[in-house]
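Chemist: Pasting a predicted model and its sequence here:
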Amino acid sequence: MKVEIEKEIQQSAEAAARVLERIFASRKVLAVNLVSSPGSGKTTLIEALIDRLAGRKRIAVVEGDIETEIDAERIRKHGVQVHQITTRSACHIPPALLVKALDHIDLDAADLLIVENVGNLVCPAEVPLGEDVRVVALSVTEGDEKPLKYPLIFKTSRILVITKTDLLPFVKFSTEAVKAAARSVNPGIEIFETSAVTGEGLAALVDRIEALHAEKVR
Amino acid sequence: MHEFGIATEIVAAAVSEAGKHGGGKITAVTIRVGVLRGIVPDSLRMLFEFASKGTPAEGAVLEIEDEPVFVACGECGETPASGLTFTCPVCDRAGVVVKGGDSLRIVSIDIE
């Protein structure tokens, strides 16, 4: 006997993402899902953003890693709310874990929630966290063809932050080539070129984040 | 890695549906997977076999149907494509809109 079902699988993940969307909407918090390969400088970028947004926007951070509290400890030194998720074996932050993590964050005391996803260009692309803005970071040491090799994450991100531009003199990386590659998979992607060492490009990124927050609370 | 969670959910959904129809042994489960989901069929089949052990779905065949993406082009309309593409498969124009290809649905089960 054949039984027709036609039912979406992973409804629990989608339902959890909807819950997150409602939480972020009701608390008027701009939620940023920061994704990238391991080692592209996500935590350093967050630290730089915290320092530049100090006194302008209240930031809370959720850190995702397979193991350890190392990143949360780094962020805590900047005096903002932070909670670490350890996913054990999972290659991305599942939305249900983020819902639980928010028990440890006072969202009424935050304008901006930055979720640092597990370093991975594959699975986080498929797992929305109810975020307002997905930001993908790519360092100049990774190669300018990455958007073509991992298209989905670049297609689903609103902003591309190129990091470590201070290393450009030492690596074979064409900023123009990476921009063209990213735009070929996502014509509307917004691109920022930054260095946490020299501070290049961070002011523009901070302004953009403030504008996105203003849009959200309007 | 995330194929295992998916396999577990497929087994749970199939067993729950079979329960509503007399709870017989499940011989086949058909799912439809969008080509953008990045799911490796052989891995999913292997994990399904593992996840279904000791359940009414043990030994069932997992049939996987592909859901294509549809590429919407201003000139040519919608064309199905078998993978992620950013140009129209007909006229090669860029700036197209990619739709669909992200399903992960259980379509039907066969019960003895």
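Modeler: That came through, no problem.
Chemist: Can you name the residues that contact the residue minimising distance to the centre of chain A?
Modeler: With distances taken as CA atoms, centre = their mean, A:Leu34 lies nearest the centre of chain A, 0.9 Å away. When the contact criterion is CB atoms under 8 Å, 6 or more residues apart in numbering or on different chains, the partners of A:Leu34 are A:42, A:45-46, A:114-117, A:135, A:137. All C-beta atoms are positioned from the backbone trio N, CA, C, and that covers glycine.
Chemist: Which residues does stretch A:145-162 contact?
Modeler: Outside of stretch A:145-162, the residues within contact range by CB under 8 Å, 6+ apart are A:35, A:37, A:45, A:121-122, A:124-126, A:133-140, A:175, A:177-178, A:181-182, A:184-186, A:188-194, A:205, A:208, B:36, B:38, B:84, B:86, B:98.
Chemist: Buried ones among those?
Modeler: A:35, A:37, A:45, A:121, A:124-126, A:133-140, A:178, A:181-182, A:184-186, A:189-190, A:192-194, A:205, A:208, B:36, B:84, B:86, B:98 (16 or more other CB atoms under 10 Å in any protein chain shown).
Chemist: which intervals of chain A have sub-threshold pLDDT?
Modeler: Flagging of chain A using pLDDT under 70 yields the residue ranges A:11.
Chemist: now the helices: where do they sit in it?
Modeler: A:11-26, A:42-53, A:70-76, A:95-101, A:146-149, A:151-155, A:175-185, A:202-217 (DSSP state H).
Chemist: same question, chain B
Modeler: For chain B, helices defined by DSSP H occupy the ranges B:2-20, B:41-51.
Chemist: Please produce JSON lines containing those helices, extended by mean pLDDT and mean neighbour count.
Modeler: Below are the helices of chain B laid out as JSON lines (pLDDT from 0 to 100; neighbours: other CB atoms under 10 Å in any protein chain shown):
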{"stretch": "helix B:2-20", "mean pLDDT": "90", "mean neighbour count": "19"}
{"stretch": "helix B:41-51", "mean pLDDT": "93", "mean neighbour count": "17"}
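Chemist: And those: which comes nearest A:Ile66?
Modeler: A:Ile66 lies closest to helix B:2-20 among the helices of chain B, at 13.4 Å (CB to CB).
Chemist: for that closest one, packing partners?
Modeler: Applying 3 or more CB pairs under 8 Å, 6 or more residues apart in numbering or on different chains; DSSP states H and E, one finds that helix B:2-20 contacts strand A:2-8, strand B:26-34, helix B:41-51, strand B:104-111.
Chemist: Please convert those to CSV, extending it with distance to A:Glu69.
Modeler: What follows is those, written out as CSV (distance: least, CB to CB, whole Å):
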stretch, distance to A:Glu69
strand A:2-8, 35
strand B:26-34, 36
helix B:41-51, 31
strand B:104-111, 33
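Chemist: Out of the contacts of A:Leu34, the closest to A:Ala101 would be?
Modeler: Nearest to A:Ala101 out of the contacts of A:Leu34 is A:Val115 (CB to CB; 8.6 Å).
Chemist: residues contacting the closest one?
Modeler: Counting by CB under 8 Å, 6+ apart, A:Val115 makes contact with A:31-34, A:61-62, A:64, A:93, A:98, A:129, A:131.
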